[in-house]
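*Asks:* The sequence and its predicted three-dimensional model are supplied below.
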Amino acid sequence: MQGQVLQIKSQAEWKSLVLENPKPVIVDFYADWCGPCKVLKPKLHSLHEQSQGKWELAVVNVDIDDLQKISGQYASQGIPAVYLFNKGQQISTFLGNNEAKAKEMALKAATL
């Protein structure tokens with residue numbers, strides 16, 4: 001499953017793939033129309049490929065109606081919004097296209 005990105009499309013998938021995942025999960029809240037999201041996305045994918053399966057990458061499109069509650073809770077300050085979860089707990093977050101913060105989060109995820 002290394003290299004596979006988790007696509008969150010429902011509340012049930014959020015719970016099972018993020019909150020109940022035994023591995024740390026970095027979650028990218030994005031929208032197709034968001035320029036900074038398009039720039040950050042390949043950087044996160046590259047970091048995920050380099051992680052050798054130590055953590056999971058999940059993406060949440062904030063425009064999907066079924067995810068309005070989750071998006072409202074986690075992406076209300078803007079997008080891209082990136083969160084690190086471990087065993088259902090939010091560990092850290094950052095907003096915007098920030099490659100340094102993304103690398104820092106990936107390193108932290110690899111040590112959990």
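*Replies:* Done, it's in.

*Asks:* use CA for all of it now, contacts and neighbours both
*Replies:* Will do.

*Asks:* for residue 73, what are its contacts?
*Replies:* By CA atoms under 8 Å, 6 or more residues apart in numbering, no residues touch residue 73.

*Asks:* Could you say which helix or strand holds it?
*Replies:* helix 68-74 (DSSP states H and E).

*Asks:* Could you pull up the mean pLDDT of that helix?
*Replies:* Regarding helix 68-74, the rounded mean pLDDT is 90.

*Asks:* could you dump that helix to PDB, C-alpha only?
*Replies:* Provided in PDB are the C-alpha atoms of helix 68-74 (Å, rounded to 0.1, in the frame of the first residue of the first chain):
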ATOM      1  CA  GLN A  68     -19.000  19.700   4.700                       C
ATOM      2  CA  LYS A  69     -19.000  19.000   8.400                       C
ATOM      3  CA  ILE A  70     -15.400  17.800   8.300                       C
ATOM      4  CA  SER A  71     -14.200  20.600   6.000                       C
ATOM      5  CA  GLY A  72     -16.000  23.200   8.100                       C
ATOM      6  CA  GLN A  73     -14.200  21.900  11.200                       C
ATOM      7  CA  TYR A  74     -10.700  21.600   9.700                       C
END
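
*Asks:* Which positions within it qualify as buried?
*Replies:* Neighbour counts over helix 68-74 (16 or more other CA atoms under 10 Å) mark 68, 70, 71, 74 as buried.

*Asks:* cool, and stretch 78-90?
*Replies:* 79, 80, 81, 82, 83, 84, 85, 86, 88.

*Asks:* Output these as a markdown table; include the columns distance to residue 41, secondary structure and pLDDT.
*Replies:* Output for these, formatted as a markdown table (distance: CA to CA, whole Å; DSSP: H, G, I helix; E, B strand; the rest coil; pLDDT from 0 to 100):
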| residue | distance to residue 41 | secondary structure | pLDDT |
| --- | --- | --- | --- |
| 79 | 12 | coil | 95 |
| 80 | 9 | coil | 96 |
| 81 | 11 | strand | 96 |
| 82 | 10 | strand | 97 |
| 83 | 13 | strand | 98 |
| 84 | 15 | strand | 98 |
| 85 | 18 | strand | 98 |
| 86 | 21 | strand | 98 |
| 88 | 23 | coil | 95 |
